[in-house]
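Here is my input, please return the structure:
(one chain, ligands or ions: 1)
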Amino acid sequence: MKLSDYINNKPVLHTDRLTLRTLQPLDADDLRQWLSQKEIYRYWGKPAGKADKDPSLLFAKPAKPTKSFHWGIVENASHKVVGEMWVYLIEGDRMAKLAIRLAPSCHGKGLATEATREVVRFCFEETELRRLWTDVDVRNTASVRVLEKSGFQREGLIRQGKMVSTWCDYYIYGAIKS
Ligand SMILES: CC(C)(COP(=O)(O)OP(=O)(O)OC[C@H]1O[C@@H](n2cnc3c(N)ncnc32)[C@H](O)[C@@H]1OP(=O)(O)O)[C@@H](O)C(=O)NCCC(=O)NCCS
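Predicted coordinates:
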C-alpha cells in the first residue's frame, strides 16, 4: 500500500506484548496518568504542551487527514495506553521522522524496542518510505539503545544545536530500507 492509502484508514500494528492503534477519547485517562510525569520531558526537546497536560484536547477537534501516523501504544496485558509513537514530517513520500515515548512505569522492559522494530518493519514493508530518522539528545541513553537495537545507525553528532526547541548536543540516527 501507499502512504496515501492510509490517510483515512490508519493501520493497527501488533507485537507480542503491544498493540499500536489510533488514540480514542476514552484513552485520555490513561494518557493523563503518565504524561504528567516530568521525566518524560527530560530529553524530549520541548516541555509539556497543552495536550500533554490535558490529553482530552487531542480529541477536541476532528482529526485532519494526514499521511503521518500517530499511534497509541497499548499494553496487551493491562489494556492501557502506555505510550505513543509517531511517524511524521514525511517528505517526498520517502523520508519520515520517528518519535516514541513510554510511561515511566513501563521503561526498561524492552517495550520501546518491540514497538520501534514493528513500526520500522511496517514503514519499509507496507509503505513506500525508504528512510526513517530521528534526533536524540546525547544524554538520552535509553533512546540511543532503542534506536540501535531497532536497526538505526548513528549518522552524526550536532554540537550545541537546536533539537526541536531545546539547545543541546544531539545525534542524528537513520534507518534505510535495505
Ligand atoms: C526512550 C524510551 C522510549 C525507552 O523506552 P524503554 O521501553 O525503556 O526502552 P527499552 O526497554 O526497549 O530499551 C532501553 C535500553 O536502554 C537501556 N537504558 C535505559 N536507561 C539507561 C541508562 N540510564 N544508561 C544506560 N542504559 C540505559 C536499557 O538497559 C535498555 O537496553 P538493553 O536492552 O540493552 O538493556 C523511554 O525511556 C521514554 O519514553 N523516554 C522519554 C521520552 C523520550 O525521551 N523519547 C525519545 C525521544 S528521541
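
C-alpha only now, for contacts and for neighbours.
Will do.

quick check, the longest helix out of those in the chain touching the ligand?
In the chain, with assignment by DSSP state H, the single longest helix is helix 111-126. Yes: counting by Cα under 6 Å from any ligand atom, the ligand has neighbours in helix 111-126: 111-113.

By neighbours, which of these wins?
residue 112 (26 neighbours; other Cα atoms under 10 Å).

For the closest residue to that residue other than its chain neighbours, give me its contacts.
If the residues on either side of it in the chain are set aside, residue 112 comes closest to residue 146, at 6.6 Å by Cα to Cα, 6 or more residues apart in numbering. Contact analysis of residue 146 by Cα atoms under 8 Å, 6 or more residues apart in numbering lists 112-113, 116.

Nearest to residue 9 among these?
Closest to residue 9 out of the contacts of residue 146 is residue 116 (20.5 Å), distances taken as Cα to Cα.

Quick check: that closest one touching residue 150?
Yes: contact status for residue 116 versus residue 150: in contact at 6.4 Å, counting by Cα atoms under 8 Å.

Quick check: residues of the chain near the ligand?
Proximity of the chain to the ligand, by Cα under 6 Å from any ligand atom, involves residues 40, 43-44, 99-102, 107-113, 136, 141-143, 145-146.

show me where this protein has strands.
For the chain, the strands defined by DSSP state E occupy 13-14, 18-22, 69-75, 80-91, 95-102, 131-137, 153-163, 166-176.

JSON lines please, covering the ones you listed and showing distance to residue 124, mean neighbour count and mean pLDDT.
Listed next are those as JSON lines, based on distance: least, Cα to Cα, whole Å; neighbours: other Cα atoms under 10 Å; pLDDT from 0 to 100:
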{"stretch": "strand 13-14", "distance to residue 124": "14", "mean neighbour count": "16", "mean pLDDT": "98"}
{"stretch": "strand 18-22", "distance to residue 124": "17", "mean neighbour count": "21", "mean pLDDT": "98"}
{"stretch": "strand 69-75", "distance to residue 124": "14", "mean neighbour count": "22", "mean pLDDT": "98"}
{"stretch": "strand 80-91", "distance to residue 124": "12", "mean neighbour count": "20", "mean pLDDT": "98"}
{"stretch": "strand 95-102", "distance to residue 124": "11", "mean neighbour count": "19", "mean pLDDT": "98"}
{"stretch": "strand 131-137", "distance to residue 124": "8", "mean neighbour count": "22", "mean pLDDT": "98"}
{"stretch": "strand 153-163", "distance to residue 124": "16", "mean neighbour count": "15", "mean pLDDT": "98"}
{"stretch": "strand 166-176", "distance to residue 124": "8", "mean neighbour count": "18", "mean pLDDT": "98"}
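
how about a markdown table for these, with distance to residue 48 added?
As requested, those are arranged in a markdown table below (distance: least, Cα to Cα, whole Å):
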| stretch | distance to residue 48 |
| --- | --- |
| strand 13-14 | 27 |
| strand 18-22 | 21 |
| strand 69-75 | 17 |
| strand 80-91 | 14 |
| strand 95-102 | 12 |
| strand 131-137 | 17 |
| strand 153-163 | 15 |
| strand 166-176 | 13 |
